[in-house]
Structures are given as structure tokens and as C-alpha cells.
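the following block contains a protein sequence and its predicted model.
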Amino acid sequence: MKVAIVGCGGLGNVHAGCYAKIPGVTIVGVCDIDSNHLRKMAERTGAKPYESFDDMLEQSGCDVVSVTLPSHLHMPYSIKAAKAGKHVICEKPIALNLQDAAEMIRVCEQNSVRLFVGHVVRFFPEYVQMKTKIAQGALGRIGVAHLKRIGSHPGDRRPWFKEEDKSGGVVIDLMVHDLDFLRWSLGEVRSVYGLRKLEGNVDYASATLIFESGAVANIEAHWGYPGPFTTAAEFAGSGGVIRSDSSKSVSLQVRKASADNAGGPFVEVPQSPGYHSPFELEIKHFIECIRENRQPIVTAHDAYKALEIGLAVVESSRTGKAILFDNGVREGSR
């Protein structure tokens with residue numbers, strides 16, 4: 001299978017490293033407007049560098065395109081790839097508004113190509129274990145969940161993160177991970193209430209979600225935190241409690257060589273203690289879904305719903321009012 005990558009920044013390099021480990025996959029083209037990033041990616045992968053995305057689609061012979069560009073560019077580049085008959089593996093969020101997300105899904109279906117969105121938390125072993133325990137009923141009926149995802153501001157290295165119309169801010173770029181995971185684990189949302197503080201180098205948001213099951217979840221997301229990137233999750237049910245905290249010691253520690261881009265110009269990529277990177281598991285899974293024509297663990301519809309909930313958090317934080325859903329459909333949107 002032949003793959004091309006548009007966007008040779010941090011996640012573009014992550015995707016490239018993942019593809020290199022999958023038998024039968026060859027990177028045949030890389031594209032970026034930054035000539036330095038483009039040259040380094042081409043040297044690393046042995047793929048032909050393209051300054052023009054259209055030329056890469058026409059000339060590389062790729063079957064799949066990885067879209068690892070700033071979030072506001074996900075929709076136009078994914079649609080161009082789909083119209084050229086290429087399967088699309090797009091980083092999260094799927095888009096910055098629901099109209100763009102719906103159009104991406106529609107165009108991919110219309111052109112009979114697959115659309116995968118990188119909600120990689122579904123591939124972190126510790127989160128998969130929590131989801132499995134909840135689904136098995138090991139915790140009984142879930143009553144309360146607390147999740148957080150905090151770290152330095154990525155805009156310090158990549159300024160576009162500080163532009164709301166390009167990144168979506170901390171809710172759409174960072175909290176969206178936990179919003180997707182919660183919907184995967186607890187089902188559809190009934191109501192959303194959000195708070196947000198945006199001041200200087202701090203972008204902080206919290207949200208309270210009530211689910212159709214009656215479970216309540218509290219989520220924090222913070223850019224500008226003066227400490228290491230940290231994630232934590234706790235679910236309390238009638239039969240017990242399960243916790244995961246990346247800041248605490250783990251029973252299994254695997255030491256690896258530092259990533260090529262450590263300390264470089266790219267933003268921090270979340271890590272997991274497992275031997276196989278969650279990104280490797282995710283990309284391998286997407287390729288297998290194309291090869292075997294099967295449904296992925298995370299669908300384009302799931303990505304759409306995560307964005308919808310995230311936008312509800314943003315709207316609630318702006319208006320001070322709760323946003324209501326009915327069986328997973330936002331009230332007033334039918």
C-alpha cells in the first residue's frame with residue numbers, strides 16, 4: 001500500500017515512523033510549505049518531496065493520504081484527497097465546525113474512500129483497560145468520572161495554536177480527546193455545561209457532562225500549565241473505582257531512545273508506558289481496516305460527535321447556559 005503525508009511537522013513525523021513499521025506500506029510522497037521540514041522528512045523516509053499537494057495527488061500513485069496539518073486545514077485537504085480517490089487518515093479534530101466535518105464525511109462516502117480520524121486515546125492501553133472494565137460491569141453502575149489533560153501551551157512552539165480560528169483552542173484540540181473517550185465509554189450525552197478562562201498564555205477549560213445513563217463526568221483541559229504534560233482519569237461506580245494517572249509511577253517501565261524531535265520545534269506528543277506507541281497501534285489498525293474493509297474502533301461519526309460535544313462546551317462557556325441533547329442529538333438541531 002502506498003501512502004503520502006501532507007504536513008511534515010511533529011505528527012507528520014509520528015505518522016511516518018508508524019508507517020515504516022507496517023509491512024507492505026511504502027511512503028511515496030511528502031508535502032509541506034516549509035522547505036526545511038519537507039527536506040528532512042524526504043531524507044528520513046526516502047519519499048519524493050512535493051511542494052504542491054495537487055502534484056503529489058496526481059503523481060505519487062498513493063492509495064492513502066495522512067493529513068497532519070493545522071486543524072483549520074483538515075477539511076480542504078481531506079476533501080481534495082477524497083476527490084482524487086485516496087483514503088484519508090486525518091488527525092483530530094476532524095474539523096473546527098460541524099458543517100466542515102459533515103462535508104468531509106459526505107465527500108469521502110460519495111467517492112467511495114475511507115475517512116479515519118486520529119482519536120488516539122482509544123489506543124492507549126491504560127484507557128482501553130478502563131473502557132473494558134466499565135463495559136464488563138466490573139465497576140457496577142458508573143456514577144462519577146473525573147478526567148484531566150494538562151500541559152504547556154503548544155503555541156509557544158507552533159503559534160497557530162494560539163489562533164482560535166486555526167486550532168479551536170484548548171477544548172477542541174485537547175479536551176476533545178477525553179470527550180471522545182467518555183462518549184465511547186459511557187454512551188450518549190444528555191447535557192453539557194462548560195467554563196473557560198483565556199488569559200495571556202493560559203487557556204483553561206472545564207466541563208460537566210451528564211450522560212443518558214445518569215453518570216456525571218467532570219473534565220479539565222489546560223494549556224499553559226507550569227509542569228509536565230499530565231493526564232488522569234478516574235471512574236467511580238457502585239462496585240468500585242478505577243484510576244489512571246500519568247504522573248504516578250507505573251508497574252511497567254520501558255526505556256526508549258529519545259524521539260528525533262525531542263526538544264525541537266514541534267509540540268509535545270502524549271506518551272504511553274507500553275512498548276508499542278498508541279500511534280503505531282492506531283495507524284496499523286487504520287491500514288488493516290482499509291485492507292480488510294472493516295469498521296475502525298473510532299469512526300468518522302464518532303469524531304463528528306466528539307467535535308459536537310466540544311463545540312457545546314465552548315458555547316456553554318460563552319453563554320453560561322447548559323446545552324441539552326436528546327438521545328445524543330442536540331436539541332433544536334433536528
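Arrived safely. These numbers were taken from a predicted model, which means no experiment stands behind them.

list the contacts of Glu234.
Listed by Cβ atoms under 8 Å, 6 or more residues apart in numbering, the contact partners of Glu234 are Ala145, His146, Leu147, Val241, Ile242, Arg243, Ser244. All C-beta atoms are positioned from the backbone trio N, CA, C, and that covers glycine.

ok, the last one touching Ala232?
In this case it means Ser244. Yes - between Ser244 and Ala232 there is a contact at 6.6 Å, judged by Cβ atoms under 8 Å.

list the contacts of Phe53.
Taking Cβ under 8 Å, 6+ apart as the test, what Phe53 contacts is Val6, Cys31, Tyr77, Lys80.

per-residue confidence for the last one?
According to the per-residue confidence, Lys80 scores 98 in pLDDT.

just give me the neighbour total for it.
By the measure other Cβ atoms under 10 Å, the count of residues near Lys80 is 18.

that one belongs to a helix?
Yes - when DSSP: H, G, I helix; E, B strand; the rest coil is applied, Lys80 is found to be in a helix.

my read: it touches Met56, true?
No - between Lys80 and Met56 there is no contact, the gap being 10.1 Å when judged by Cβ under 8 Å.

can you give me the strands for the stretch 101-250 of the chain?
Shown for the stretch 101-250 of the chain, the strands assigned by DSSP state E, counting those that start in this stretch span residues 115-118, 142-151, 189-199, 202-211, 216-223, 230-237, 240-245.

have a look at the chain and report its longest helix.
Criterion DSSP state H: the longest helix present in the chain is helix 300-319.

give the buried residues for that one.
Burial within helix 300-319, assessed by neighbour count using 16 or more other Cβ atoms under 10 Å, is assigned to 300, 302-314, 316-317.

residues contacting that helix, please?
Residues from elsewhere that reach helix 300-319 (Cβ under 8 Å, 6+ apart): 92-98, 101-102, 104-105, 108, 115-117, 119, 168-169, 171-172, 175-176, 179-180, 183-184, 189, 192-196, 205, 207, 209, 322-323, 325, 328, 330.

could you turn the buried ones of those into a ChimeraX selection?
This is the ChimeraX syntax for the buried subset of these, where burial follows 16+ other Cβ under 10 Å:
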select :92,93,94,95,96,98,101,104,105,108,115,116,117,119,168,169,171,172,175,176,179,180,183,184,189,192,193,194,196,205,207,209,323,325,330
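
mark which of the contacts of helix 300-319 are part of helices, please.
Checking the contacts of helix 300-319 against DSSP H, those in helices are Leu98, Ala101, Ala102, Met104, Ile105, Cys108, Gly169, Val176, Leu179, Asp180, Arg183, Trp184.

among those, which two are most distant?
Cys108 and Gly169 (26.2 Å; Cβ to Cβ).

can you list the strands that the lowest-mean-pLDDT helix or strand in the chain pairs with?
Across the helices and strands of the chain, mean pLDDT, DSSP states H and E gives its lowest value to strand 329-330, namely a mean of 90. Strand 329-330 has the following sheet partners, assigned by DSSP bridges: strand 323-326 (antiparallel).

returning to that earlier point: so for Pro23, which of the strands of the stretch 101-250 of the chain sits nearest?
Closest of these to Pro23 is strand 115-118, at 19.2 Å (criterion: Cβ to Cβ).

what is that closest one packed up against?
Where contact means 3 or more Cβ pairs under 8 Å, 6 or more residues apart in numbering; DSSP states H and E, strand 115-118 is packed against strand 87-91, helix 98-110, helix 278-292, helix 300-319.

so who does Ile27 touch?
Applying Cβ under 8 Å, 6+ apart to Ile27 gives the contacts Lys2, Val3, Ala4, Ile5, Ala16, Tyr19, Ala20, Thr45, Gly46, Ala47.

how about low-confidence regions in the chain?
Residues of the chain meeting the criterion pLDDT under 70: 249-275, 333-334.

show me it divided up by domain.
Listed domain ranges for the chain are 2-118, 121-326 (source: automatic domain parsing).

quick check: end-to-end length of stretch 89-109?
Using Cα to Cα, to the nearest Å, the end-to-end distance of stretch 89-109 comes to 14 Å.

so how far is stretch 291-308 from its chain's centroid?
Its chain's C-alpha centre and that of stretch 291-308 lie 12 Å apart, by Cα atoms, centre = their mean, to the nearest Å.

just to revisit the earlier point, which of the contacts of Ile27 count as buried?
When the contacts of Ile27 are checked for burial by 16+ other Cβ under 10 Å, the buried set is Lys2, Val3, Ala4, Ile5, Ala16, Tyr19, Thr45, Ala47.

got the angle for the strand or helix carrying the third one vs strand 87-91?
Assigned by DSSP states H and E, Ala4 falls within strand 2-6. When axes from the mean of the first three to the mean of the last three Cα atoms, to 10 degrees is applied, the directions of strand 2-6 and strand 87-91 differ by 40 degrees.
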